[in-house]
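Undergrad: got a sequence here, can you build the structure:
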Amino acid sequence: MNIKLDSIILYVQNISLLKNFYVENFNFKVIEEDAVWVLMNVGSVNIGLHKIGDQYLEKIETGYQFDNNTKLVFEVDTDIESARNELLSKKVEMRAIKTFENYNFWLCDGTDPEGNVFQLKCRK
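TA: Numbering: from 1, shown residues only. A predicted model of the protein is given here:
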């Protein structure tokens, strides 16, 4: 399995604030945008801003910072099920394969030995 770093996702409280910050200060180009998601191209990697779910936002105070709000996304050159099974055979914790309506990729999250979340991504 060959992989390449495709995206870094930041889980954020205020998408508009952070999108404007990165666009205005660093000239990042917005390539996808909706109410809970912004994807910006920053060269060879994309940065995604993903709104933290309301069920979590209701439990936190303004200005609260999470211990970890980042996800590394790796695009794989094989089918997602084979990539997932290869990692499972190496005792890597992997979640179920998923996708979204009108989205051209299969996704599968996993965790590293310290609990940091990463994601495998494969074109449908």
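Undergrad: make it CA atoms for all contacts and neighbour counts henceforth
TA: Noted.
Undergrad: what's the end-to-end length of stretch 93-105?
TA: With C-alpha to C-alpha, to the nearest Å as the measure, stretch 93-105 spans 21 Å from end to end.
Undergrad: give me the contact list for that stretch.
TA: Here stretch 93-105 makes contact (C-alpha atoms under 8 Å, 6 or more residues apart in numbering) with 80-81, 84, 87-88, 106-112, 121-124.
Undergrad: how about the strands of this protein, start to end?
TA: 3-12, 29-34, 37-41, 46-51, 70-76, 93-98, 105-111, 117-123 (DSSP state E).
Undergrad: just those strands: most buried one?
TA: Across those, the average number of neighbours (mean count of other C-alpha atoms under 10 Å) peaks for strand 46-51, which reaches a mean of 22.
Undergrad: can you name every helix or strand that it contacts?
TA: strand 3-12, helix 15-26, strand 37-41 (3 or more C-alpha pairs under 8 Å, 6 or more residues apart in numbering; DSSP states H and E).
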